[in-house]
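Colleague: Generate coordinates for the sequence data below:
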Amino acid sequence: MLSDRVILTPPYPGNKRGALWADNPLPHREWVVDLEFRASGPERGGGNLQVWYAKDGPSAVELSSLYTVPKFDGLVLALDQYGGRGGSIRGFLNDGSISYKDHHNVDTLSFGICDYAYRNRGDPTKLRLQQTSHGFEVLVDGRSCIRSDKISLPPGYHFGISAASAESPDSFEINKFVVSTTNSISREEIHRVPQNQPHQQSQQQVRADRQQQDQPPLAEALRDLPDAPASSYRSVEDQFGDLHNRLQSAAHQVNNVYRELSMLRKNHESQMVKLEQTAEQRHRELADRTRAANEKVAAMERTIQKIEGIVVRIQKDVEGKDYKEHFTSLQNTLKDTHLSLSEGIPAAMSQIVSTSRPKVGLFAFVVIAFQIMLLGAYIVYRRRRDNAPKKYL
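Modeller: Residues are numbered from 1 along each chain as shown. Alright, predicted model coming up:
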């Protein structure tokens, strides 16, 4: 892998899948796979991790898990919480005749199992798969987990890793995935790789087939030549060929580092340009706000100066003029007004009373006339009643 960490299933959300597959098949019968991974999640989280060695794995298996994969030819090592043991590692073989997703009980097809609590450990779990002339073995953190001398997997298959998370997800993080050959493979066998796979080394390039996110493909993986003892070189040509291959590998690595540094430099320059543009925009905004605030302050200062000038002029007028004559004139005017009012009001009131009082003779005439009218009315009433016919019972 070109990255020190690849997250196959994220901590959130759940029900996600992810996979890594080697670009090229492995041409050797004897090999060693070193895998370091970390699994973390809630207390009741769920998910599974599969290590595949399958024929046409990228197309036949893709993102499938143990329970969803159709017919495949090869090996799958499943890590999950089977049986409620807190973690288990199980091995399965298939010759392409069994569809695991249609099988009624896939768990019964395992050829080996061991319990191992791999969740929430903090440190990465180190898993090793190796096939030698003595058989097949799986080791976890240096301890043997599954071993069989009856298993021999053919060459030409693809290595891969897939993971799936439940609704309450486990996050599977791959830190290392390295495939190397054993020491029993001679240098001549390494040089006899077919021409359609130039410079195929023991360490396989693995690309991230991450379906959750659309990312550009990673750069071509660095190819490191495996170490070999000095006795394996039987001629000067072998030594020169090995030196050439190592120099070419070093040149590729330097070129890759240069490309990475160039990308970092471009990213840094683009980030700096964005930061400068943002800083300049913020500076203009602050300048505009400061200019508006300064204008308001200047207007307030001018208003205050005008008020101070008016107050100073009023103070000078009050201090520089004598208002004694004005007060004396005002006092005399008030006195004259008071005298005129005190003298004129009684005469006016007596005149109003004398001209507006009622006449006694007129009043007496009205009263006498009213009484005469009442007397006349009563006399007429008596006469009419006396002249009316009498009624006797």
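
Colleague: quick one: L334 and H158, what's the gap?
Modeller: Distance, L334 to H158, by Cβ to Cβ, to the nearest Å: 120 Å. No exception for glycine: its C-beta is placed from N, CA and C like everyone else's.

Colleague: Neighbour count for those two, which is higher?
Modeller: H158 (23 against 10; other Cβ atoms under 10 Å).

Colleague: Secondary structure element holding that one?
Modeller: strand 158-165 (DSSP states H and E).

Colleague: Return the list of strands paired to that strand, each annotated with direction.
Modeller: strand 17-22 (antiparallel), strand 47-54 (antiparallel) (DSSP bridges).

Colleague: Tell me which of the ones you listed is the most buried.
Modeller: strand 47-54 (a mean of 24; mean count of other Cβ atoms under 10 Å).

Colleague: what pLDDT, on average, does that one get?
Modeller: Taken as a whole, strand 47-54 has a mean pLDDT of 95.

Colleague: CA atoms only: put that strand into PDB for me.
Modeller: Taking Å, rounded to 0.1, in the frame of the first residue of the first chain, the C-alpha atoms of strand 47-54 are listed here in PDB:
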ATOM      1  CA  GLY A  47     -19.000  -6.000  11.100                       C
ATOM      2  CA  ASN A  48     -16.600  -8.500   9.500                       C
ATOM      3  CA  LEU A  49     -13.200  -8.400   7.700                       C
ATOM      4  CA  GLN A  50     -12.200 -10.900   5.000                       C
ATOM      5  CA  VAL A  51      -8.700 -11.700   3.600                       C
ATOM      6  CA  TRP A  52      -9.100 -13.300   0.200                       C
ATOM      7  CA  TYR A  53      -6.800 -15.300  -2.100                       C
ATOM      8  CA  ALA A  54      -9.100 -15.900  -5.000                       C
END
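
Colleague: outside of it, which residues touch it?
Modeller: With contact meaning Cβ atoms under 8 Å, 6 or more residues apart in numbering, strand 47-54 is reached by 8-9, 26, 33, 35, 37, 39, 41, 60-61, 65-66, 72-80, 127, 129, 153, 157-166, 169-172.

Colleague: Can you show me the strands along this structure?
Modeller: 6-9, 17-22, 31-40, 47-54, 71-80, 88-99, 110-115, 125-132, 135-140, 143-148, 158-165, 171-181, 206-209 (DSSP state E).

Colleague: Can you add distance to L341 and give these back as JSON lines?
Modeller: What follows is these, written out as JSON lines (distance: least, Cβ to Cβ, whole Å):
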{"stretch": "strand 6-9", "distance to L341": "105"}
{"stretch": "strand 17-22", "distance to L341": "109"}
{"stretch": "strand 31-40", "distance to L341": "105"}
{"stretch": "strand 47-54", "distance to L341": "109"}
{"stretch": "strand 71-80", "distance to L341": "116"}
{"stretch": "strand 88-99", "distance to L341": "120"}
{"stretch": "strand 110-115", "distance to L341": "122"}
{"stretch": "strand 125-132", "distance to L341": "116"}
{"stretch": "strand 135-140", "distance to L341": "122"}
{"stretch": "strand 143-148", "distance to L341": "126"}
{"stretch": "strand 158-165", "distance to L341": "107"}
{"stretch": "strand 171-181", "distance to L341": "105"}
{"stretch": "strand 206-209", "distance to L341": "111"}
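
Colleague: which residues sit in contact with T125?
Modeller: 36-39, 116, 118, 140-141.

Colleague: run the last query once more with 7 Å
Modeller: 36-38, 118, 140-141 (Cβ atoms under 7 Å, 6 or more residues apart in numbering).

Colleague: Look up how far S144 lies from it.
Modeller: From T125 to S144 the distance is 15 Å (Cβ to Cβ).

Colleague: same deal with K316?
Modeller: Counting by Cβ to Cβ - K316 and S144 are separated by 109 Å.
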